[in-house]
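K.L.:
Starting from these lines, generate the structure:
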Amino acid sequence: MSRLDSAIRRLQAQRSCLNTACDLVAGVPGVVLELGLGNGRTYDHLRELMADREIFGFERQIAAHPDCIPDDAHLFLGDLGDTLLAAVERFAGSVALVHSDIGTGDGGYNAEIAAFLGNSLGPVLAPGALVVSDQRIEIEGCAPVDPPADIQQDRYFMLQKRR
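P.N.:
Next up is the predicted model:
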């Protein structure tokens, strides 16, 4: 498969999973965390889907389209190892949705970041919250959710915190 086809599949998987996740957390109160702002595409999509929610973006260095950058009050800028830990204290038990798109082509790094997220995200999640990720993450108290049927197996992952 070409890298272009792979990128298209990834973007389709993101959109499909995020659309499904937004429906599944409609009755779950809380904020949204976008880990890995990137160029801002999924942040912008979440703003459309969840206009009534606060959405916080996390990024090491801003490279997003100017229209897709959260205001300073909704942006955690810096290394995720530091910024996510600050967010855990701030948002304990009050996050309805986390979208994590921070994987790279480096399998070792991806495993490290998945382990870090698995150990860090549990305390922020509200009962019924969802985590949507480009990496397989295991979080205590969460169970896997089957992604939408149009998603290739192991392309994108979803977890839900037990109620």
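K.L.:
Buried residues in the helix or strand residue 16 falls within, which are they?
P.N.:
Under the criterion of DSSP states H and E, residue 16 resides in helix 3-24. For helix 3-24, the buried set under the neighbour-count rule, 16 or more other Cβ atoms under 10 Å, comprises 10, 12-18, 20-22, 24. The way it works is simple: take the backbone N, C-alpha and C, and place the C-beta from them, glycine included.
K.L.:
now do stretch 49-58
P.N.:
The neighbour-count check on stretch 49-58 (16+ other Cβ under 10 Å) flags 49-50, 53, 55-58 as buried.
K.L.:
try stretch 26-39
P.N.:
Using 16+ other Cβ under 10 Å as the test for burial, stretch 26-39 gives 28, 30-38.
K.L.:
Same question for stretch 60-80.
P.N.:
Buried, per 16+ other Cβ under 10 Å, within stretch 60-80: 62, 64, 68-70, 75-76, 80.
K.L.:
Tell me which two in those are the farthest apart.
P.N.:
Pairwise distances among the buried residues of stretch 60-80 were taken by Cβ to Cβ; the largest, 18.6 Å, belongs to 68 and 80.
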